[in-house]
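1. Make a model of this:
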Amino acid sequence: MIFFGASGHAKVVLEAWVASGGSVSKILDDNRSIKELSGFPVSADYNTGDFRDQRMIISIGSNILRKQVAERLPAKYTSVIHPSAQVSSSSRIGIGTVLMAGVVVNADAIIGNHVIANTGCVVEHGCVIGHFAHLSPNSTLCGNVRVGEGTHIGAGATIIQGINIGQWATIGAGSVIIEDVPDYAVVVGVPGRIIKKK
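-> Purely as a prediction, here's the structure:
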């Protein structure tokens, strides 16, 4: 597997991959000052056409940067699922998505491409998570929640059942969301309230 991105987030993705029995072929990052990640060498030298037939994961925490890399680098994007994650057989997990340790994905949930489901988050039955979203540690999405493309759900946030959250929104850490959230909104608090639009 090729890893693209050598930040702190990449360390966790790398550990999840190795824990699941995977091996690392190379780690790439555009930042030439990064030379090593968790004992593996990091290189900034590559051609965009080099990966068309190779397995790759984008190990970058930024939702927008993950999308930009996915659009410019053709590859056989592969998901990474930590062996402690509990994933329903009736759920669907998209390409390039990472499920970290302790994640729970329940019946009929659909998780899009290049999503981060971070440590200990819960995605309940019937949820639909858009591409390039990030569900932070210990966030909880109750049943039939919809999350739009690129949205970031903060650590420990709770989204009650049936809520729709638009694309590229931000839900603050610890927030409780009891009403629908429009595109590009930044929402914080208990209950959540919109403080600005991005």
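
2. low-scoring pLDDT stretches of the protein, where are they?
-> Along the chain, segments meeting pLDDT under 70 are nowhere present.

3. what helices or strands is the lengthiest helix in it leaning on?
-> Using DSSP state H to assign secondary structure, the helix with the most residues in the chain is helix 8-19. For helix 8-19, the packing partners by 3 or more C-beta pairs under 8 Å, 6 or more residues apart in numbering; DSSP states H and E come out as strand 2-4, strand 36-37, strand 80-81, strand 98-99. C-beta coordinates here come from the backbone N, C-alpha and C atoms, glycine included.

4. now the residue most central in space within the chain, nearest residue through space, not along the chain?
-> Nearest residue to the geometric centre of the chain (C-alpha atoms, centre = their mean): residue 116, 1.2 Å. Nearest residue to residue 116, sequence neighbours excluded (C-beta to C-beta, 6 or more residues apart in numbering): residue 134, at 4.4 Å.

5. how about that neighbour, what does it touch?
-> 61, 63, 115-116, 118, 151-153 (C-beta atoms under 8 Å, 6 or more residues apart in numbering).

6. do that again at 6 Å, thanks
-> Residue 134 makes contacts with 63, 116, 152, as judged by C-beta atoms under 6 Å, 6 or more residues apart in numbering.

7. pretty sure the first one contacts residue 151?
-> Right, residue 63. No. Counting by C-beta atoms under 6 Å, residue 151 is not a contact partner of residue 63; they are 7.8 Å apart.

8. In terms of packing, which of those two has more residues around it?
-> More crowded of residue 63 and residue 151, by other C-beta atoms under 10 Å: residue 151, with 25 against 21.

9. In contact with the more buried one, which residues are there?
-> Counted by C-beta under 6 Å, 6+ apart, residue 151 has contacts 133, 165, 169.

10. ok, now with 7 Å
-> By C-beta atoms under 7 Å, 6 or more residues apart in numbering, the contact list for residue 151 reads 130, 133, 165, 167-169.

11. For the residue nearest to residue 116, give me the backbone phi and psi.
-> Main-chain dihedrals, residue 134, degrees, to the nearest 10: phi -140, psi 120.
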